[in-house]
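Engineer: mind folding the following:
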Amino acid sequence: VCRSCVVAGCQECDHSVTEDKCAMCQAGYLLRDDGLCYFKYAGEWMNVVKYVVILILVVVVIWILDMQCRPCCNDEGLAHGLDVREKMKLHMPKDEEGRRSHWPLFTNLMTTQVAGTGMMLHFNFQFAL
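Structural biologist: Below you'll find the model as predicted:
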């Protein structure tokens, strides 16, 4: 059966053996004694970066869990803040029943005036870039 070897970063396969080994690696890879190609720029510093990222993620997860476990100490302020936040959202004009719903998520902001002419011009400018 003719097939290429399944070795990441291999440019030319070693056909003298029965298992997948590489004879020549692509640019940016190094050929080691086991016949596999290894990324040239992945050294010990990659392990350091990996552990630092893992440490940061663990700290963020612990911080989020800590925030979730704390009791709410200002229910009245929270309710007021959420109410003000809801009132500040952009709403569509009133319908036949007098209700004002939120704008749909897929509203074309280049052709529909949601927050005034300036916002529509801004999105047209962004589209032109």
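Engineer: could you pull out the buried residues of stretch 22-34?
Structural biologist: For stretch 22-34, burial by neighbour count (16 or more other Cβ atoms under 10 Å) applies to Cys22, Ala23, Cys25, Tyr29, Leu31. (C-beta placed from N, C-alpha, C; glycine too.)
Engineer: now do the contacts for the closest residue to the third one other than its chain neighbours.
Structural biologist: By the measure of Cβ to Cβ, 6 or more residues apart in numbering, the closest residue to Cys25 outside its immediate chain neighbours is Cys37, 3.9 Å from it. Under the criterion of Cβ atoms under 8 Å, 6 or more residues apart in numbering, the contact partners of Cys37 comprise Val7, Ala8, Gly9, Cys10, Cys22, Cys25, Gln26, Tyr29, Leu30, Leu31.
Engineer: in strands, which of the residues you listed appear?
Structural biologist: Cys10, Cys22, Cys25, Tyr29, Leu30, Leu31 (DSSP state E).
Engineer: quick check, nearest of the residues you listed to His102?
Structural biologist: Of all these, Tyr29 has the smallest distance to His102: 52.2 Å, by Cβ to Cβ.
Engineer: beta partners for the closest one?
Structural biologist: Phe39 (DSSP bridges).
Engineer: so what pLDDT did it get?
Structural biologist: The model reports Tyr29 with a pLDDT of 91.
Engineer: just to check, it is in contact with Gly9?
Structural biologist: Yes. Between Tyr29 and Gly9 there is a contact under Cβ atoms under 8 Å: 3.7 Å.
Engineer: common neighbours of the two, please.
Structural biologist: Joint contacts of Tyr29 and Gly9 (Cβ under 8 Å, 6+ apart) are Cys37, Tyr38, Phe39.
Engineer: from Gly28, how far out is the first one?
Structural biologist: Here the criterion is Cβ to Cβ, to the nearest Å. By it, Cys37 lies 9 Å from Gly28.
Engineer: shared neighbours, those two?
Structural biologist: Any residue near both Cys37 and Gly28 by Cβ under 8 Å, 6+ apart counts here, and that gives Gly9.
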